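> next come a sequence and a model predicted from it.
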Amino acid sequence: MDAKNYVETVLEDVKRRNPGEVEFHNAVAEVLHSLTPVFEKRKDLMDAAILERITEPERAISFRVPWMDDAGKIHVNRGFRVQFNGAIGPYKGGIRFHPSVNQSIIKFLGFEQTFKNSLTGLPMGGGKGGSDFDPKGKSDAEVMRFCQSFMSELYKHIGPDVDVPAGDIGVGGREIGFMYGMYRKLSNSSSQGVLTGKGLTFGGSLGRTPATGYGLLYFANEMLADKGESFKGKKVTISGSGNVATYAVEKAQQMGATVITCSDSAGYIYCKDGVDLEGVKQIKEVERLRIKEYVKHYGGEYFEGCANIWDVPCDVALPCATQNELDLAAAKKLIQNGVKFVVEGANMPCSLDAMKAFQEAGVYFGPAKAANAGGVACSGLEMTQNALRLSWSFEEVDEKLQNIMKNIFKNSKKAAEEYGYKDNLVVGANIAGFMKVATAMMGQGLI
Ligand SMILES: NC(=O)C1=CN([C@@H]2O[C@H](COP(=O)(O)OP(=O)(O)OC[C@H]3O[C@@H](n4cnc5c(N)ncnc54)[C@H](O)[C@@H]3O)[C@@H](O)[C@H]2O)C=CC1
Ligand SMILES: O=C(O)CCC(=O)C(=O)O
């Protein structure tokens, strides 16, 4: 069988064996199509059924999460943890609390995480977890009871050398704290390395909170520099207003850009002279309100409907909210308005056809698994500090993060060139991430 047929056969098989899991199918299709040139050179990997194995999670856990609201009413949610691939280290990846969470979304994220973690150069396997619980509008006490119930099952399956969860959408420092407290109680151990994104007083790392947003800008900065440009004076649109978006705004502003948008799932704000970051943090992080409240206090315009954010003309677009938030129509609008760089802060925010449209139009495109790897890289640094029982300064962590992001860019660009796809960072990141995992699996026998 030739390489192209091999890839298509495995892809068909993945679709057949995982019916209805569209997000997972798309993630697998994106990676597998990039790998065809690898199999043209490496028939041994085909013979070893590497793709058949790498597309099947090592373990997928689903469990009941009962909890009681403040009025005494009982609710039942579903919890997930997918331990996708542990060939290069303990499973590692975030936990997402959002009503849309299902097995397909967690599998897509766990699959992507495997290659992302490999790209960081740190010894971390790939995993992801979550629940269809909606933290929006819940009291602190309700969130705590939910987190405790969630951990009362999850704790059996994780550990510093086994699986190390962290935050994602709907899971930040507050939720990690509640989960860590419950883990410590149930396991009768203070294994700080069991979760990352912890509070600074119980094993957290300086620099983890802003790491994904900062890392995104360090990566994007390499892309701009590669084309002889910089962020100085650039107009940047950013979607979302959560952890990734907030710190992407901060670093973009520090690099001299004007960030003109932010959004949430209801709509977006447009501030032609630049958004006031403290205002965004006050509304979203402190008061936990809708982004539309921003304009009442800090100026700018509010537009209902988050998808239209991509109608705003810009030089650089950084989608930082959620998967499939930027479709083909949005991509065409951005291209028509002259966008030069699109770099993914969220996980797979651009649909496959949007991504293709950018590449065909000559827009320099930075894929999520490379561009947003700063968060998990910093989590890896938190694990190292926990193992050493040491705390590094913010400057030490940030310097390491910058180096990691530069290396990810360099390695992705190099891999793309080696296989004849100059400037195609999608292909480059997929190949570079895949090769390390595949080599580790080949070295460990039939696993
Ligand atoms: N937190 C982290 O360290 C990392 C997060 N990511 C990814 O980045 C993305 C954002 O995650 P976080 O910032 O951590 O989550 P978060 O929960 O802090 O923020 C998500 C934000 O997106 C907004 N949002 C949700 N759906 C939206 C939509 N359709 N349009 C516009 N805004 C929408 C929400 O209102 C919220 O402000 C996710 O795809 C996540 O998987 C990736 C790498 C690491
Ligand atoms: O820090 C981590 O382990 C989680 C990061 C994550 O979930 C992601 O990269 O998507």
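Received it, and whenever you're ready, just let me know what you need. Ligands and ions are numbered 1, 2, ... in the order given.
> start and end of stretch 246-260, how far apart?
Terminal residues of stretch 246-260 are spaced 13 Å apart (Cα to Cα, to the nearest Å).
> report the rounded mean pLDDT for that stretch.
Confidence over stretch 246-260, taken as the mean pLDDT, stands at 98.
> likewise stretch 12-23?
In this model, stretch 12-23 carries a mean pLDDT of 98.
> likewise stretch 97-109?
Averaging pLDDT along stretch 97-109 gives 98.
> contacting residues around it?
With Cβ atoms under 8 Å, 6 or more residues apart in numbering as the test, stretch 97-109 has contacts from 18, 20-24, 26-27, 57, 60, 62, 80-82, 84, 93-94, 96, 128-135, 146, 168-171, 175, 323, 347-348. C-beta coordinates here come from the backbone N, C-alpha and C atoms, glycine included.
> tell me who's in contact with Phe63.
Shown in contact with Phe63 (Cβ under 8 Å, 6+ apart): Arg78, Gly79, Phe80, Glu153, Leu154.
> distance to ligand 2 and secondary structure for those residues - can I get that in JSON lines?
Below are the contacts of Phe63 laid out as JSON lines (distance: Cβ to the nearest ligand atom, whole Å; DSSP: H, G, I helix; E, B strand; the rest coil):
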{"residue": "Arg78", "distance to ligand 2": "19", "secondary structure": "strand"}
{"residue": "Gly79", "distance to ligand 2": "16", "secondary structure": "strand"}
{"residue": "Phe80", "distance to ligand 2": "13", "secondary structure": "strand"}
{"residue": "Glu153", "distance to ligand 2": "19", "secondary structure": "helix"}
{"residue": "Leu154", "distance to ligand 2": "14", "secondary structure": "helix"}
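> of these, closest to Asp311?
Of all those, Asp311 sits closest to Phe80, with 35.1 Å by Cβ to Cβ.
> just checking, what packs against the helix or strand in which Asn403 is found?
Assigned by DSSP states H and E, Asn403 falls within helix 394-418. For helix 394-418, the elements it packs on are helix 103-119, helix 208-226, helix 368-371, helix 374-388, helix 425-443, judged by 3 or more Cβ pairs under 8 Å, 6 or more residues apart in numbering; DSSP states H and E.
> and the helix or strand following the first one with helix 103-119, angle?
So that's helix 103-119. For helix 103-119, the following helix or strand on the C-terminal side (DSSP H and E) is strand 125-131. Strand 125-131 runs at 150 degrees relative to helix 103-119, counting by axes from the mean of the first three to the mean of the last three Cα atoms, to 10 degrees.
> name the helices or strands packed onto strand 125-131?
strand 74-85, strand 91-97, helix 103-119, helix 140-154, strand 163-167.
> what lines up beside the first one in the sheet?
According to DSSP bridges, the neighbouring strands of strand 74-85, each with its direction, are strand 59-68 (antiparallel), strand 125-131 (antiparallel).
> now that strand, how far from the chain's geometric center?
18 Å (Cα atoms, centre = their mean, to the nearest Å).
> give the rounded mean pLDDT of it.
pLDDT averaged over strand 74-85 gives 98.
> could I get it in CSV with only the CA atoms?
Extracted as CSV, the C-alpha positions of strand 74-85 are listed here (Å, rounded to 0.1, in the frame of the first residue of the first chain):
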residue,chain,number,x,y,z
ILE,A,74,-29.3,17.3,43.0
HIS,A,75,-27.6,17.4,39.6
VAL,A,76,-25.7,14.8,37.7
ASN,A,77,-23.0,15.6,35.2
ARG,A,78,-20.6,13.4,33.2
GLY,A,79,-16.9,13.5,33.8
PHE,A,80,-14.2,12.4,31.3
ARG,A,81,-10.5,11.7,31.2
VAL,A,82,-8.8,10.5,28.1
GLN,A,83,-5.2,9.3,28.6
PHE,A,84,-4.2,9.4,25.0
ASN,A,85,-0.6,8.6,24.7
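> ok, Glu417 - how many residues close by?
Counted with other Cβ atoms under 10 Å, residues neighbouring Glu417 total 14.
> now the helices for the stretch 151-300 of the chain?
Listed in chain order, the helices of the stretch 151-300 of the chain (DSSP state H, counting those that start in this stretch) span 173-187, 208-226, 243-254, 277-281, 293-298.
> neighbouring contacts of the helix holding Asn403?
By Cβ under 8 Å, 6+ apart, helix 394-418 touches 119-122, 205-208, 211, 214-215, 218-219, 222-223, 226, 370, 373-374, 377-378, 381, 422-425, 427-429, 431-432, 435.
> just the buried ones from the residues you listed, in PyMOL syntax?
To isolate the buried members of those in PyMOL, using 16 or more other Cβ atoms under 10 Å:
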select buried, resi 119+120+121+122+205+206+207+208+211+214+215+218+219+222+223+370+373+374+377+378+381+423+424+425+427+428+429+431+432+435
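> distance to ligand 1 added to the helices and strands packed on strand 125-131, as a markdown table?
Below are those laid out as a markdown table (distance: least, Cβ to the nearest ligand atom, whole Å):
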| stretch | distance to ligand 1 |
| --- | --- |
| strand 74-85 | 14 |
| strand 91-97 | 6 |
| helix 103-119 | 7 |
| helix 140-154 | 13 |
| strand 163-167 | 5 |
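> no more questions from me, cheers.
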